[in-house]
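Participant: Quick one: sequence plus predicted model below, questions after.
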Amino acid sequence: MSVEHPAAGDGQSATIQLSHVSKTFSARSGATVALEDLSLEVRTCDFLSVVGPSGCGKSTLLSLIGDLGGDYDGEIKVNGRSPRKARLDREYGIVFQEAALLDWRRVHENVALPLEVMNAGQRRRQGRHELVDRMLELVGLSGFEKHYPWQLSGGMKQRVAIARALVFEPDLLLMDEPFGALDEITRERMDLELLRIYEQTRTTILFITHSIAEAVFLSTRVAVMSGRPGRIVDVIEIDLPFPRIADTRQLPEYFEYVTRVRRSLTEA
Amino acid sequence: MTSAFGSAAPLTGGGAATSRRRAFVFVAIPLLFLSMWELYKYVDHISDYKLPHVWRIFTYFTTRLSNGELAAVFLARSAWTTAVEALLGLAVAIVLGVSLALLIAYVPKVGRGVLPLVVGSQAVPILALAPPLLVWLGTDWKSKAIISGYVAFFPVVIFAVRGFTSTKPELVLLMRSYAASPWSAFWKIRFPAAVPHLFTGLRAAASLSVVGAIVAELPVGAGSGIGVVIHDAAQFYIFNPPALWGATIAAFALGATFFAAVVLCERLALARLGGKH
């Protein structure tokens, strides 16, 4: 099948590489193995979704990649560096399930936060404004600059969170169930928006979800995870054409992929 | 349905009606209190040297004192002295309270040892500490500011700790993902998130700082201030009860003013921080 892949021609270099990664949480009551001997590769311009049951360690995986989750065994490389180095070099943007906006800042001030923190001292204010405006346009929030987070719907808050994650133009976007708290209708709309953003920015995306349908619809590849201890049981290439539109969900191939992912999950 | 429409009416014409109702309550509650005072006096035959008539207390403000000064002016002058001391005390409470809260929130190992001392400090009656402090620091504003601050700092610590530790975990992770410096994480995230809590502590501290300043004025009986007036008036209470009640009203007014000032600052600060609150 011929696929208009956004990554076409970019080569297939790895943005994230995990080899034999294990993570154990030790508590007084005993140790819990969250991840065991997990290997995975996210290629440049991949939209890779990790799908698995609740508590299988998907979020732990993401936090290790982002150097937000403490020690681990094995090796993780982000853009060829340790996660810590990659974090200090601000190589990724992150979006959580909670939009985690600052209630006391207007939308445009929320989006500008990383620029302020990363200082940006060199970057002129003018440029900062343009960048923020461009991001708000990208996520479809032009005209809402002056709103406060409490004036926005759940979907709009996540749009702000996405704009904030992309405003400093990282090559990698980590998303931890970003639409998990939204209703079905809003969620499907956000999926389309995210695809548009992906196709427009060509950012590599690592997306955590527990929705099989969402994983298949969005991704170029889906990694299926089993729980307790967490490991990758299957990685499925999703050869659905780009640009993906609402009708993509009607394609027979789409259903086949959904079935395949579901089978991998149940067999795991 | 009826309730939905019923609530619509006061919403549309509500502005003036609500403020009128608020003003009514503002007047009615004190009036009720004063009537009960008089009723109790009447029913239980309380003589005037024990509990004076309400109007005698109010007319006291217009009487001339032995030096020819109007009582109201004298009380205002005394209240001013106390106000300055209490304001300094409040500043001490804020600096001390917020510093301790930062220690407790950011250096938990040390903080765990500090917290029991903070709690314990509230069990020590200030009347036991005031005399040695006055001997040590002298009877000028320094000792009064410190005693006032000591009385007022406790709620500042408690609410500031809650504020500094109430940051959403995602926001902490977010700042970490930006490789933000602790300094910028504090000013961008922790401090603004703590501001509403800080003001809750300040509201309580505002009135306490006035109490502290008054108590600090009591032991010596020299100089000026509401505490001095209370001290003197208490000694001659049965000869002139309204003098003590007048001083009490002045103290009440001072405490209420401090509280109102904090509430005003709070409104201004929170309006700057997003307007919803």
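Facilitator: Perfect, thanks for sending it. Numbering: from 1, shown residues only, chains lettered A, B, ... in the order given.
Participant: what bridges to the residue positioned nearest the centre of chain A?
Facilitator: For chain A, the residue sitting closest to the mean C-alpha position, by Cα atoms, centre = their mean, is A:M175 at 2.6 Å. With DSSP bridges applied, the residues forming beta bridges to A:M175 are A:V95, A:F207.
Participant: who's in contact with it?
Facilitator: A:94-95, A:205-208 (Cβ atoms under 8 Å, 6 or more residues apart in numbering or on different chains). In this view, the C-beta of every residue, glycine as well, is placed from N, C-alpha and C.
Participant: Could you do A:Q158 as well?
Facilitator: Applying Cβ under 8 Å, 6+ apart to A:Q158 gives the contacts A:95, A:99, A:178-179, A:182, A:190.
Participant: Return the members of those classed as buried.
Facilitator: Under a neighbour-count criterion of 16 or more other Cβ atoms under 10 Å in any protein chain shown, the subset of these counted as buried comprises A:95, A:99, A:178-179, A:182, A:190.
Participant: Filter the contacts of A:Q158 down to just the ones in helices.
Facilitator: Using DSSP state H to define helices, the subset of those located there is A:M190.
Participant: wait, which of the contacts of A:Q158 is closest to chain B?
Facilitator: Here the nearest of the contacts of A:Q158 to chain B, counting by Cβ to the nearest Cβ, is A:A99; it sits at 8.6 Å.
Participant: Backbone dihedrals for that closest one, both of them.
Facilitator: Main-chain torsions, A:A99, degrees, to the nearest 10: phi -60, psi -30.
Participant: Then the one 4 residues further on?
Facilitator: Listed backbone geometry of A:D103 is phi -60, psi -30, with angles given as degrees, to the nearest 10.
Participant: Kindly report the same for B:L264.
Facilitator: Dihedral pair for B:L264: phi -60, psi -50, per degrees, to the nearest 10.
Participant: circling back to that earlier point, quick check: pLDDT value at the residue nearest to the centre of chain A.
Facilitator: Confidence at A:M175, expressed as pLDDT, is 95.
Participant: Any regions of the chain where pLDDT drops low?
Facilitator: Reading this off chain A. Residue ranges of chain A with pLDDT under 70: A:1-13, A:120-126, A:268.
Participant: Actually, chain B is the one I wanted.
Facilitator: Applying pLDDT under 70 to chain B flags the ranges B:1-15, B:220-222, B:275-277.
Participant: sorry, back to before: out of the contacts of A:Q158, what pair is the most spread apart?
Facilitator: Taking Cβ to Cβ as the measure, the contacts of A:Q158 span a maximum distance of 12.4 Å, between A:V95 and A:L182.
Participant: Spatially nearest residue to whatever residue of the stretch 101-250 of chain B ends up closest to chain A, not counting backbone neighbours?
Facilitator: Sorted by distance to chain A under Cβ to the nearest Cβ, the residues of the stretch 101-250 of chain B start with B:E170, at 3.7 Å. If you skip the residues right next to it in sequence, B:E170 has A:A100 as its closest partner in space, 3.7 Å away by Cβ to Cβ, 6 or more residues apart in numbering or on different chains.
Participant: got the contact list for the one you found?
Facilitator: The contact partners of A:A100, by Cβ under 8 Å, 6+ apart, come to A:161, B:168, B:170-171, B:174.
Participant: quick one: which two of those are the most distant?
Facilitator: Of all the pairs that these form, the one spanning the most space (Cβ to Cβ) is A:A161 and B:K168, at 12.8 Å.
Participant: For the two, indicate the residue with more neighbours.
Facilitator: Neighbours per residue (other Cβ atoms under 10 Å in any protein chain shown) separate A:A161 from B:K168, with A:A161 holding more: 27 against 16.
Participant: Identify the spatial nearest neighbour of that one, chain neighbours not counted.
Facilitator: In space, A:A161 comes closest to A:A99 once its chain neighbours are excluded; the distance is 4.4 Å by Cβ to Cβ, 6+ apart.
Participant: Quick check: the one you found touching A:W150?
Facilitator: No: counting by Cβ atoms under 8 Å, A:A99 stays clear of A:W150, with 11.3 Å between them.
Participant: For chain A, which segments are assigned as helices?
Facilitator: Using DSSP H, the helices of chain A run over A:58-65, A:83-88, A:107-117, A:125-138, A:154-166, A:184-201, A:212-218, A:252-267.
Participant: on that earlier part again, list just the nearest of the contacts of A:Q158 to B:L133.
Facilitator: A:A99 (51.1 Å).
Participant: Spit out the contact partners of that closest one.
Facilitator: Taking Cβ under 8 Å, 6+ apart, we find A:A99 in contact with A:149, A:154, A:157-158, A:160-161.
Participant: now with 7 Å?
Facilitator: Counting by Cβ atoms under 7 Å, 6 or more residues apart in numbering or on different chains, A:A99 makes contact with A:157-158, A:160-161.
Participant: Adding distance to B:A83, write those out as TSV.
Facilitator: Conversion of those to TSV gives the following (distance: Cβ to Cβ, whole Å):
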residue	distance to B:A83
A:K157	45
A:Q158	50
A:V160	46
A:A161	47
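Participant: out of the residues you listed, who's nearest chain B?
Facilitator: Proximity of the contacts of A:A99 to chain B (Cβ to the nearest Cβ) peaks at A:A161, which lies at 9.2 Å.
Participant: Surely the closest one is in contact with A:V95?
Facilitator: Yes: with contacts defined as Cβ atoms under 7 Å, A:A161 counts as touching A:V95 at a distance of 4.9 Å.
Participant: what does chain B have sitting close to chain A?
Facilitator: On the criterion Cβ under 7 Å from any Cβ of the partner chain, chain A has as its neighbours in chain B the residues B:168, B:170-171, B:173-180, B:184, B:188, B:192, B:273-276.
Participant: again, 8 Å this time
Facilitator: When proximity is defined by Cβ under 8 Å from any Cβ of the partner chain, chain B lies next to chain A at B:168, B:170-171, B:173-180, B:184-185, B:188-189, B:192, B:273-276.
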